[in-house]
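**Q** Below: sequence and its predicted model.
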Amino acid sequence: MRELRGNQALCEALAQEMANDPRVFVIGEDVAAHGGVYRVTENLLEQFGPDRVIDSPICESALVGAGVGAALVGMRPVVEIQFTDLITIAMDQIVNSAAKARYVHDGAMHVPMVVRTLNLGKGSVYASQALEAWFTHVPGLKVVMPTDPHDAKGLLLSAIRDPDPVIFFESKALYAMRGPVPSESYTVPFDKANVCREGSDATVVSWGSTVPMAEEAADRLTAEGVSIEVIALRALVPFDRQTVVESVCKTGRLVVVHEAVRRGGFGAEVVASIADSDAFEHLRAPIMRVANPGVPVPHSAALHKFALPSVDDLVAAIRRTMSYD
Amino acid sequence: MRELRGNQALCEALAQEMANDPRVFVIGEDVAAHGGVYRVTENLLEQFGPDRVIDSPICESALVGAGVGAALVGMRPVVEIQFTDLITIAMDQIVNSAAKARYVHDGAMHVPMVVRTLNLGKGSVYASQALEAWFTHVPGLKVVMPTDPHDAKGLLLSAIRDPDPVIFFESKALYAMRGPVPSESYTVPFDKANVCREGSDATVVSWGSTVPMAEEAADRLTAEGVSIEVIALRALVPFDRQTVVESVCKTGRLVVVHEAVRRGGFGAEVVASIADSDAFEHLRAPIMRVANPGVPVPHSAALHKFALPSVDDLVAAIRRTMSYD
Amino acid sequence: MLDQPAKSLTDCDRVEMCRLMVLSRCFTKQALTWHAEGRVPQGLHPSVGQEAVGVGACYGLRAGDWVLPSLRTSEAFWTRGVTIRQQLHAMCGTAESISGGKETSHHSGYPELGILAGTGIVGGSIPVATGVAMGLRMQGTDHVMVCFFGDGAANRGDFHEALNLAAVLKAPAIFVCENNLYAQTVPASVAMTITDIDDRAAGYGMVGQIVDGQDVEAVHDATQTAVARARCGEGPTLLECKTYRFMPHYPVFDEDRPQEERDRWLARDPIQILANRLQLSGLLDEAAIDQMAQAVRDELDSAIAQVEAAAMPDPEQVFTNIYAIKSERMTS
Amino acid sequence: MLDQPAKSLTDCDRVEMCRLMVLSRCFTKQALTWHAEGRVPQGLHPSVGQEAVGVGACYGLRAGDWVLPSLRTSEAFWTRGVTIRQQLHAMCGTAESISGGKETSHHSGYPELGILAGTGIVGGSIPVATGVAMGLRMQGTDHVMVCFFGDGAANRGDFHEALNLAAVLKAPAIFVCENNLYAQTVPASVAMTITDIDDRAAGYGMVGQIVDGQDVEAVHDATQTAVARARCGEGPTLLECKTYRFMPHYPVFDEDRPQEERDRWLARDPIQILANRLQLSGLLDEAAIDQMAQAVRDELDSAIAQVEAAAMPDPEQVFTNIYAIKSERMTS
Ligand SMILES: Cc1ncc(C[n+]2csc(CCOP(=O)(O)OP(=O)(O)O)c2C)c(N)n1
Ligand SMILES: Cc1ncc(C[n+]2csc(CCOP(=O)(O)OP(=O)(O)O)c2C)c(N)n1
Ligand SMILES: [Mg+2]
Ligand SMILES: [Mg+2]
């Protein structure tokens, strides 16, 4: 099958859905004439014109608020926030205006909006935060985090068609990753985690850009005769708890890996949802988390690797869990 | 000992520290002439004048940002955000400007600022959120949540004297609660949880306004011969993990209760930190969480009680954990 | 540049606007009394003294237009046709409330009447209004959005971002600032160094206008001029309506405002101003106004009886309409 | 109202300002080359073409005054005395970098030189600047805060909230807007309908002034007038410096700006403008300017050698200075 990079797959999803549904439009900084800092909106302006591909002032709060308003009257806005650190500006509009509109209108109005943003990793203090956990804590929002080009396209199409607000986290790793992408329009559902590989000794749960790490760790450990089941969550909300529970019932061991800070990360939610599940009695080892240990991601290359979880960290955690029986 | 209500205890802490340290000042909406919507800043204007007790425009983002700036040059701002739902406006300033200033200046500058706000509960959709979990996910911030007037005063004094930014969550229940408060100035450290009562069958971890619920549940179960250890966290960051681990090693059972939404709440972090601790092998039952089940807090009295955790819910969860052995 | 005069008001319109203001005031006063007595659980942010703004700005809007009231603009609800009973249901959180008990009256939306629910975050509705207007324009309609907010909200970042965005998008929005000189207890003179929020319009290259907010006809005419401009693609307008809140911000607030200021504004009661004019024109006498008020009180009495007898929402309702599909997976 | 004239510049000052602009330009061009070659890991947001703003506004500030540069105001660093070596250390993230490798050069602070680190959030520094100014005033000093930001930042809510707050607090802040007509690739003419950001000052009751940002002496004089006002308690000023970025926003950006516009602005090179004046006054000839540039290049060469030989920070540094006390409890 034809291969695309992640940013191209996302761009194709936008273009196809804009062609398919006149209600869809794109708004954000540098998205129109420039085609997006990471080329995710490349050529959309040429194809769909300035009424549907809009370069905006720098105003993240108003951008999201305007997305909510347009969605309420029947449009399907796709709002770009250039990177996750900036979503801090738009929290009120996301948490109060977007997430609660269906509820306060008791279903008579809803907000079919997508907020696309970029969990950067390896940037610097203000361009490397991974804040997906915050949004999982807010009823009314869905939280999606694709790993590869195929899912990126299918999940973005699902997100745009979704009747509720979706926070859609992309990554630089995704933009650069090449992979097979069907050329037609297709959707990938949020609520089915991807069991990337099956295994029997331990379960690793990952999402976004830590999925390739999990696979590499699994490769390494397979060589040592340890069989790892790798689960990639496509969405954190809805969270495919069932798949994780079933896996842990089988393996008895769980390690969760994410790029975000460990304390208060969604990894804690995954752990907690297993600690209160049928899998509890099957647990043979403490549940481990591998994540940012609680530091801002610093500029110096000599330092930033210590802020982010590595394959080595993950392998060490899996070995630790295997030391119990 | 003399009794005060929580809001009076907080007010006394502010007055004493303003008298003690000329760098301390208070800024927020309605805090000066009016003395605060909940009278936490009552009479401070009269005592300390308009340069140190400042009524501000409605501008939560700039308020926190200005607090950061003043703190950087040596002041000790106490910024009031009228309720937690509004802190969504100030996230950039809290997460980027406040939390990371010490780091990017490599310790040469720091932000001794307190942001006081109100986790409301039982208000309505936009005035009832409990968002403490978000802040625990951000390195650089401390997160404090007093339960009773005694701790409120001592923790607020610790917070003002703390060299780092502290997010200080108050509650309506705290404001209304009466309790003994020493009249002199004293501090309560953040990092020692309060073991409100000792017990041997199960541990309940609570904070803020769920502590009285935990005590009531413990009372009820004691009558049935079940012995509950109730731990009240005074701060979520720093989190007194050791006290919880030791307790669970003893009891083998853990229930965590909070008012915030369960998914992504700090309860998950408590569970996860136990699931990866020495207490793991002592666990005799799945770990339960009792919390908002994932809904906005609605207006109607007929509904909002179902959005918030109750003593009944907590008792049921403890019974459930006791059913394992 | 369009110079089409505002649709002029007939005598009937003027009497109807008077009735709407009377309705609003009577409702507010009665509902506050019932709240104080514990009969109605929700308090109100009383708009007494400010009735001309919401009535004047909403009167004459068309089906398909949208309004976004502030937490104080109860007149937007009356003028667009919400009934006394509906708002009482909302206040009491009954099963028949428009939101099924989920929201208070002031944060309720009535989509069929073109009313969106605002959030409790002061200023937060302004970007949403910009987006609604942008959406209406994208859809090729000539509908408009009228958004209400206070002087306090005009100091919020969202005001700035949203007005600028609306200006560049030529969004058909009318931003109606109800400058009642206070944000809760903080005087506008403490919260800004300017007297006229209108001074900010120029910073967005936006048409701005100061309007006598006590004169419902002036508010109506200014709004209609702005609406006409918006309908034909000439973009948004900022209308600053100078007004005054005759009562405290909310029942629990005790407020201490200068007597001279109060007296000056109490002398400019918007209902009285219009009523005087209508009396001079021989359209209405005092008895007619009393009758209007009496009709409201009668409706209130019958409505409260119905509302008090109404069922409360089923507990299950707390879990509905969080997402399109109610799902275990979403709430756990 | 104070009308104290700005401290006038001596010939020495004018030559020194020229040198600072030359330093800034040479540094930027060399560092970008090294970045392209992979020798320096960090890119720069080049200020080439805009040097007069940062130099003019910072020149003549006193010890105890603070500046908060934007991500492009590298001149603030040079003018306040940061060395080439220091900024190269910061770019390369060595152990000797002022932040211990934690931050890039543009987000570094040099507290002893009165420079605060800005965040990467456009506009986010403006409220912080208001707070610094407020703090300086509370402490009874006559120090001031000079805050830099772009035209794009002027559309952020934080600009609005912070300028309004500064105005009501009479904070001794000078808000220097570097209007270079673009925010990344988006022209200011797309992002706002006004031409002059100065139009917004009136909305805060603040003194505003448009300044020729290509004329370092004009920037200096306007700033000093604002500084003098701020020092004696007369409050903040908004200075809009009209300028132009001669290079793309950041190395990875390919930009397509109108040739006519580029030509017009390239003809107004701030270094050339001052150099011409100095030549006319006989203070400087072309050779002298070449010498200035050569001195910078020499310093760059010796500095890069030192920086490349410098140790990288110890991994432990990633965990330091998150909190006052490094504690297991805090990072787990
Ligand atoms: C962002 C925000 N800050 C504070 C509050 C608390 N609050 C509710 S109403 C109000 C005053 C609003 O004043 P204004 O905008 O002038 O409207 P008015 O009430 O006078 O009609 C405040 C501060 C809030 N709801 N939202
Ligand atoms: C709030 C925010 N939005 C977007 C960005 C991405 N970004 C970085 S620089 C920039 C342009 C800033 O333009 P301007 O304020 O005019 O300053 P200039 O770069 O022209 O000096 C943008 C959009 C950001 N860092 N912060
Ligand atoms: Mg007001
Ligand atoms: Mg610019």
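**A** Thanks, I have the structure now. Here the structure is a predicted model, which is why all the values come from computation and not from measurement. Ligands and ions are numbered 1, 2, ... in the order given.
**Q** List the buried residues of stretch A:278-292.
**A** A:279, A:280, A:282, A:283, A:285, A:286, A:287, A:288, A:289, A:290, A:291, A:292 (16 or more other CB atoms under 10 Å in any protein chain shown). Any C-beta I mention is one placed from the backbone N, CA and C, and that applies to glycine too.
**Q** And these, which is closest to residue D:241?
**A** Residue D:241 lies nearest to residue A:292 out of those, by CB to CB, at 39.7 Å.
**Q** related to what we said a few turns ago, restricting to the buried residues of stretch A:278-292, which residues neighbour ligand 2?
**A** Among those, no residue is within reach of ligand 2 (CB under 6 Å from any ligand atom).
**Q** Among the residues you listed, which lie within strands?
**A** Within the buried residues of stretch A:278-292, residues falling in strands by DSSP state E are A:288, A:289, A:290, A:291, A:292.
**Q** picking up where we left off before, same list, the buried residues of stretch A:278-292, but as JSON lines with distance to chain B and pLDDT please.
**A** Formatted as JSON lines, the buried residues of stretch A:278-292 follow (distance: CB to the nearest CB, whole Å; pLDDT from 0 to 100):
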{"residue": "A:279", "distance to chain B": "9", "pLDDT": "97"}
{"residue": "A:280", "distance to chain B": "4", "pLDDT": "97"}
{"residue": "A:282", "distance to chain B": "11", "pLDDT": "97"}
{"residue": "A:283", "distance to chain B": "8", "pLDDT": "97"}
{"residue": "A:285", "distance to chain B": "8", "pLDDT": "98"}
{"residue": "A:286", "distance to chain B": "4", "pLDDT": "98"}
{"residue": "A:287", "distance to chain B": "4", "pLDDT": "98"}
{"residue": "A:288", "distance to chain B": "6", "pLDDT": "97"}
{"residue": "A:289", "distance to chain B": "6", "pLDDT": "98"}
{"residue": "A:290", "distance to chain B": "11", "pLDDT": "98"}
{"residue": "A:291", "distance to chain B": "10", "pLDDT": "97"}
{"residue": "A:292", "distance to chain B": "8", "pLDDT": "96"}
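**Q** now the residues you listed in a markdown table, with distance to chain C?
**A** Formatted as a markdown table, the buried residues of stretch A:278-292 follow (distance: CB to the nearest CB, whole Å):
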| residue | distance to chain C |
| --- | --- |
| A:279 | 15 |
| A:280 | 16 |
| A:282 | 20 |
| A:283 | 20 |
| A:285 | 25 |
| A:286 | 23 |
| A:287 | 18 |
| A:288 | 23 |
| A:289 | 20 |
| A:290 | 25 |
| A:291 | 23 |
| A:292 | 26 |
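**Q** Pick out the most distant pair among those.
**A** Distance extremes for these: the farthest pair is A:282 and A:292 at 28.8 Å, using CB to CB.
**Q** Quick check: nearest residue in space to residue 89, chain neighbours excluded?
**A** Reading this off chain A. residue A:60 (4.1 Å; CB to CB, 6 or more residues apart in numbering or on different chains).
**Q** My question was about chain C, not that one.
**A** In space, and not counting its chain neighbours, residue C:89 is closest to residue C:97: 4.2 Å by CB to CB, 6+ apart.
**Q** got the phi/psi numbers for the one you found?
**A** phi -60, psi 150 (degrees, to the nearest 10).
**Q** Could you pull up the residues touching it?
**A** B:300, C:86, C:89, C:90, C:103, C:108, C:313 (CB atoms under 8 Å, 6 or more residues apart in numbering or on different chains).
**Q** my guess is the first one contacts residue C:312, does it?
**A** Read that as residue B:300. Yes - using CB atoms under 8 Å, residue B:300 is in contact with residue C:312, at 6.6 Å.
**Q** and the two? which has more neighbours close in?
**A** Between residue B:300 and residue C:312, counting by other CB atoms under 10 Å in any protein chain shown, residue B:300 is the more crowded of the two (26 against 17).
**Q** Please report the distance of that one from residue C:99.
**A** 9 Å (CB to CB, to the nearest Å).
**Q** Tell me how far whatever residue of the stretch 201-332 of chain C ends up closest to ligand 2 lies from residue D:237.
**A** In the stretch 201-332 of chain C, the residue that lies nearest ligand 2 is residue C:203 (16.2 Å; CB to the nearest ligand atom). The spacing between residue C:203 and residue D:237, counted by CB to CB, is 16 Å.
**Q** for residue C:194, same thing?
**A** As judged by CB to CB, residue C:194 and residue D:237 stand 16 Å apart.
**Q** the more surrounded of these two?
**A** residue D:237 (25 against 19).
**Q** quick one, phi psi at the closest residue to the more buried one other than its chain neighbours?
**A** Leaving out its chain neighbours, the residue that sits closest to residue D:237 by CB to CB, 6+ apart is residue D:226, at 3.6 Å. As for residue D:226, its main-chain torsions (degrees, to the nearest 10) stand at phi -60, psi -40.
**Q** So what's the residue count around residue D:226?
**A** With other CB under 10 Å as criterion, residue D:226 counts 29.
**Q** List the residues that contact it.
**A** Applying CB under 8 Å, 6+ apart, the residues near residue D:226 are D:174, D:207, D:209, D:237, D:239.
**Q** ok now the host helix or strand of the first one, how far from the chain's centre?
**A** Translated: residue D:174. Using DSSP states H and E, residue D:174 sits within strand D:173-179. With CA atoms, centre = their mean, to the nearest Å as the basis, strand D:173-179 stands 10 Å off its chain's centre.
**Q** now do stretch A:31-46
**A** Using CA atoms, centre = their mean, the offset of stretch A:31-46 from its chain centre is 21 Å.
**Q** Straight-line length of it, end to end?
**A** Using CA to CA, to the nearest Å, the end-to-end distance of stretch A:31-46 comes out at 12 Å.
**Q** Is any residue of that stretch near chain D?
**A** Yes - counting by CB under 8 Å from any CB of the partner chain, chain D is contacted by stretch A:31-46 at A:33, A:34, A:37.
**Q** Can you lay out those residues as TSV showing distance to ligand 1, pLDDT and neighbour count?
**A** As requested, the residues of stretch A:31-46 next to chain D are exported to TSV (distance: CB to the nearest ligand atom, whole Å; pLDDT from 0 to 100; neighbours: other CB atoms under 10 Å in any protein chain shown):
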residue	distance to ligand 1	pLDDT	neighbour count
A:33	34	96	16
A:34	33	96	21
A:37	31	95	21
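**Q** Could you see whether chain B lies near stretch A:185-200?
**A** No - Stretch A:185-200 lies apart from chain B when judged by CB under 8 Å from any CB; the minimum separation is 14.5 Å.
**Q** Could you pull out the helices in chain C for me?
**A** Counting by DSSP state H, residue ranges of the helices within chain C are C:11-36, C:51-58, C:74-79, C:84-92, C:125-138, C:157-169, C:188-191, C:216-231, C:259-266, C:270-280, C:286-309.
**Q** buried sites along the longest one?
**A** Within helix C:11-36, the residues that qualify as buried are C:14-15, C:17-32, C:34-35, counting by 16+ other CB under 10 Å.
**Q** ok so, going back, and the residue nearest to residue D:237, how close does it get to chain C?
**A** In this view, residue D:226 and chain C are 16 Å apart by CB to the nearest CB, to the nearest Å.
**Q** For residue C:16, which non-adjacent residue is spatially closest?
**A** Nearest to residue C:16 is residue C:59, by CB to CB, 6+ apart, at 7.7 Å.
**Q** Number of residues surrounding that neighbour?
**A** By other CB under 10 Å, neighbour count at residue C:59 equals 22.
**Q** Likewise for residue A:224?
**A** Under the neighbour criterion other CB under 10 Å, residue A:224 is assigned a count of 10.
**Q** could you dump the residues of stretch A:31-46 next to chain D to TSV with distance to chain B and secondary structure?
**A** As requested, the residues of stretch A:31-46 next to chain D are exported to TSV (distance: CB to the nearest CB, whole Å; DSSP: H, G, I helix; E, B strand; the rest coil):
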residue	distance to chain B	secondary structure
A:33	27	coil
A:34	24	coil
A:37	19	coil
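**Q** Tell me the one of those nearest residue C:185?
**A** Distances from residue C:185 to the residues of stretch A:31-46 next to chain D, taken by CB to CB, are shortest for residue A:37, at 45.0 Å.
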